[in-house]
Every structure is written in C-alpha cells, then in structure tokens.
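K.L.:
no sequence for this one, just the structure:
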C-alpha cells in the first residue's frame, strides 16, 4: 500500500511537469524528503508530510475496509 502512495506521488508530480525541488518548495519540505517518499522510504516521515504532498498534488488518503475479520469474528470461528 505504501508503495502505491509512492508511485502516486511520483506519477502525479511528473504529470504536472514538476520537479522534486518544485514540489518540495510548494510543500515546505526538503527535496530529499520528496525523493524519500517517491522511493517508498518512510523510515522517518510522518503522515502529515505525506498528506501535505498529496494535497498539493490534488490527491487524498482514504481508509477502506478490506474485509478482514474482526476479533469477534475470529473468536466465533474458533469457538
């Protein structure tokens, strides 16, 4: 999933004809941070930085139910 975000950031930036430096300036982040995002290197990045980059690119993060069972479901199955 994080790899998808990295690819989205890179392709959206390129589609807008922006360099990493231009995106960094618009988001008030370092160019190295933009590069890390695009390389799927999230070791020291907070969600707010990711959201800021996505917002500038006209994107958002969404959470969705992927159909995983709840703890109650698992207990009933093993009950």
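P.N.:
Alright, I've got the coordinates. Since the model is a prediction, treat every value here as computed from it, not as a measurement. Numbering: from 1, shown residues only.

K.L.:
centre of the chain to the biggest helix by length in the chain, how far?
P.N.:
Looking across the chain with DSSP state H, the single longest helix is helix 2-15. How far helix 2-15 lies from its chain's middle: 8 Å, per C-alpha atoms, centre = their mean, to the nearest Å.

K.L.:
check what pLDDT residue 78 gets.
P.N.:
Reported pLDDT at residue 78 in the predicted model: 81.

K.L.:
what does the lowest-mean-pLDDT helix or strand in the chain contact?
P.N.:
Every helix and strand of the chain was ranked by mean pLDDT, DSSP states H and E. The lowest is helix 71-78, at a mean of 84. By C-beta atoms under 8 Å, 6 or more residues apart in numbering, the surrounding residues in contact with helix 71-78 are residue 69. Backbone N, C-alpha and C define where each C-beta goes, glycine included.

K.L.:
in the chain, which segments are predicted with low confidence?
P.N.:
Residues of the chain meeting the criterion pLDDT under 70: 1, 79.

K.L.:
one step back: report the buried residues of the longest helix of the chain.
P.N.:
Neighbour counts over helix 2-15 (16 or more other C-beta atoms under 10 Å) mark 5-6, 8-10, 12-13 as buried.

K.L.:
next: stretch 68-79.
P.N.:
For stretch 68-79, the buried set under the neighbour-count rule, 16+ other C-beta under 10 Å, is empty.
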